[in-house]
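Participant: kindly return the folded structure for what I paste below:
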Amino acid sequence: MSQKQSAPSWRSPSFWMVGGLFALVFTLEYATPPDYVMSYLYISPILIANSRLSRTASFLLISAAVILTLLNIWIPNNPEIHGSMVVNRIVTIFALIVTGLLSDRYSQTQQTLFQQQSKLQSQERIMNVREDFASTLAHDLRTPLLGAIETLQAFDRELFGSISFKQKTVLETMIRSHQNSLKLVETLLDVYRNETEGLQLKTSPTNLAVLAEEVAASMVHLSTSRSVYLNLHYGDSEFRKFLWVNGDAFQLRRVFTNLLTNAINHSPRGAKVEVILETQSSYQLVHIADFGAGIKPEEQPYLFERFYQGQSDRLATGSGLGLYLTRQIIEAHDGTIWVENRMPHGAVFAFRLPALPFSSQST
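Facilitator: Numbering: from 1, shown residues only. As a prediction, this is how the structure comes out:
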């Protein structure tokens, strides 16, 4: 789409095209008897001028067309003026003005759309540069973090000499801090990789109950440090159930890890986090409930967006990537994830996945 010229130039092909058409219509108008109204043909140069010349030039052209249309009533010499002649020319003038105004509005709308499109393209290029930078930075940070963790673990194992109890405590804190940073970097890399390449799943018959038990057992240290009790049960049933899905065990384990970590971090000391597993006829359902502050209703639709952290009163804040990655994994399994508040307080993060047909299940 080309923009209109800022001012007409006698060197411009558009200027000469408009001028030639205008002169042709002028000749036809004044070479024919006044009873014949040829001025409506001015519409062609007006439309071209609105799309290729400046607004000032278009306005002058419309004004000239209106004046010449009126003058043609008397010029050249017209011994007799009929009412119908005047009415026809007034109608023609009205049509010329309306055409000019509508064409100008259309041109302005097109220019506005062109400018907005250019801004959007610029913003998109900036976003791509930022995302490439973030992805590259995260990739480059992974190696030194791994090296730092291995070095600290070597000190912790006293490979470089004996250490005191206080030094060992400090080293363990540093190792956990670096491991958390490494998890954040790896999550960031996974998010960008999933967006550009798509999430590649290695599916097989997977029992969600086993994954939930394994992840809950691996989180005992975190829950103990925060004095949070983990409870896993099967809804109204007291018996252990099997929740078979066709899924990627590694990725689904990350879902449980992210949701349980989120629930533990947002629970007050002495509270309980519940993992509720239920099997339905066509899908498997998982609820992870905490007794924290809950989620504000206006924040719930955005909670699984990338980098969204919210403004709720919950105890912990994160990068806004864990829940986004969790949504990517669940949706890649053709599942659904959502959040809701529980009464009297707390939040429930739930997801469901298509159940694996009984004939396909294996242990």
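Participant: SS state for Asn246?
Facilitator: Remark: Asn246 carries the secondary structure label strand [criterion: DSSP: H, G, I helix; E, B strand; the rest coil].
Participant: over to Leu285?
Facilitator: strand.
Participant: if I read this right, it contacts Arg352, doesn't it?
Facilitator: Yes: taking CB atoms under 8 Å as the contact criterion, Leu285 and Arg352 are neighbours in contact, 4.7 Å apart. (Each C-beta comes from the backbone N, C-alpha and C, glycine too.)
Participant: got the domain ranges for this protein?
Facilitator: 13-122, 204-360 (automatic domain parsing).
Participant: kindly reformat these as JSON lines and extend each row with mean pLDDT.
Facilitator: Output for the domains of the chain, formatted as JSON lines (pLDDT from 0 to 100):
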{"stretch": "domain 13-122", "mean pLDDT": "81"}
{"stretch": "domain 204-360", "mean pLDDT": "85"}
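Participant: out of those, which gets nearest to Tyr192?
Facilitator: When the domains of the chain are compared by CB to CB, domain 204-360 sits nearest Tyr192, at 9.8 Å.
Participant: which SSE is Leu232 in?
Facilitator: Leu232 is part of strand 229-233 when elements are defined by DSSP states H and E.
Participant: in that strand, what counts as buried?
Facilitator: By neighbour count with 16 or more other CB atoms under 10 Å, strand 229-233 contains the buried residues Leu230, Leu232.
Participant: how far off centre is that strand?
Facilitator: Relative to the centre of its chain, strand 229-233 is centred 36 Å away, using CA atoms, centre = their mean, to the nearest Å.
Participant: again, but for stretch 200-215
Facilitator: The chain centroid and the centroid of stretch 200-215 are separated by 30 Å, computed with CA atoms, centre = their mean.
Participant: tell me which residues of it are tucked away?
Facilitator: Those buried within stretch 200-215 under the rule 16+ other CB under 10 Å are Thr206, Asn207, Leu208, Ala209, Leu211, Ala212, Glu213, Val215.
Participant: how near is the second one to Glu29?
Facilitator: As for Asn207, its distance to Glu29 is 87 Å (criterion: CB to CB, to the nearest Å).
Participant: before we move on, what about the fourth one?
Facilitator: As defined by CB to CB, Ala209 lies at a distance of 88 Å from Glu29.
Participant: next one: the third one
Facilitator: In this view, Leu208 and Glu29 are 83 Å apart by CB to CB.
Participant: repeat that for the fifth one.
Facilitator: Here the distance between Leu211 and Glu29 works out to 85 Å (CB to CB).
Participant: same question, Ser84
Facilitator: 17 Å.
Participant: which one's more surrounded, the two?
Facilitator: Glu29 (21 against 9; other CB atoms under 10 Å).
Participant: spatially nearest residue to that one (excluding sequence neighbours)?
Facilitator: If the residues on either side of it in the chain are set aside, Glu29 comes closest to Met38, at 4.4 Å by CB to CB, 6 or more residues apart in numbering.
Participant: wait, that neighbour sits on Thr32?
Facilitator: Yes: here Met38 lies in contact with Thr32, judged by CB under 8 Å, at a distance of 6.0 Å.
Participant: those two - which one has more neighbours?
Facilitator: The residue with more neighbours, out of Met38 and Thr32 and counting by other CB under 10 Å, is Met38; that gives 18 against 12.
Participant: who's in contact with the more buried one?
Facilitator: Val25, Leu28, Glu29, Thr32 (CB atoms under 8 Å, 6 or more residues apart in numbering).
Participant: rerun that using 10 Å as the cut-off
Facilitator: Taking CB atoms under 10 Å, 6 or more residues apart in numbering as the criterion, Met38 is in contact with Leu24, Val25, Phe26, Thr27, Leu28, Glu29, Tyr30, Ala31, Thr32, Thr69, Asn72, Thr92.
Participant: what about the fourth one, distance to Gln115?
Facilitator: Spelled out, it's Thr27. When Thr27 is compared with Gln115 (using CB to CB), they lie 39 Å apart.
Participant: Three-state assignment for Asp140, please.
Facilitator: When states are read from three-state DSSP, the local structure at Asp140 comes out as helix.
Participant: I'd guessed it sits against Leu188; true?
Facilitator: No: counting by CB atoms under 10 Å, Asp140 stays clear of Leu188, with 11.8 Å between them.
Participant: ok, these two, which is more surrounded?
Facilitator: The residue with the greater number of neighbours, taking Asp140 and Leu188 and applying other CB under 10 Å, is Leu188; the counts read 21 against 10.
Participant: give the buried residues for the host helix or strand of the more buried one.
Facilitator: Following DSSP H and E, one finds Leu188 within helix 165-197. For helix 165-197, the buried set under the neighbour-count rule, 16+ other CB under 10 Å, comprises 171, 175, 178, 182-192, 194.
Participant: which helices and strands does that helix pack with?
Facilitator: helix 83-156, helix 220-225, helix 249-265, helix 322-332 (3 or more CB pairs under 10 Å, 6 or more residues apart in numbering; DSSP states H and E).
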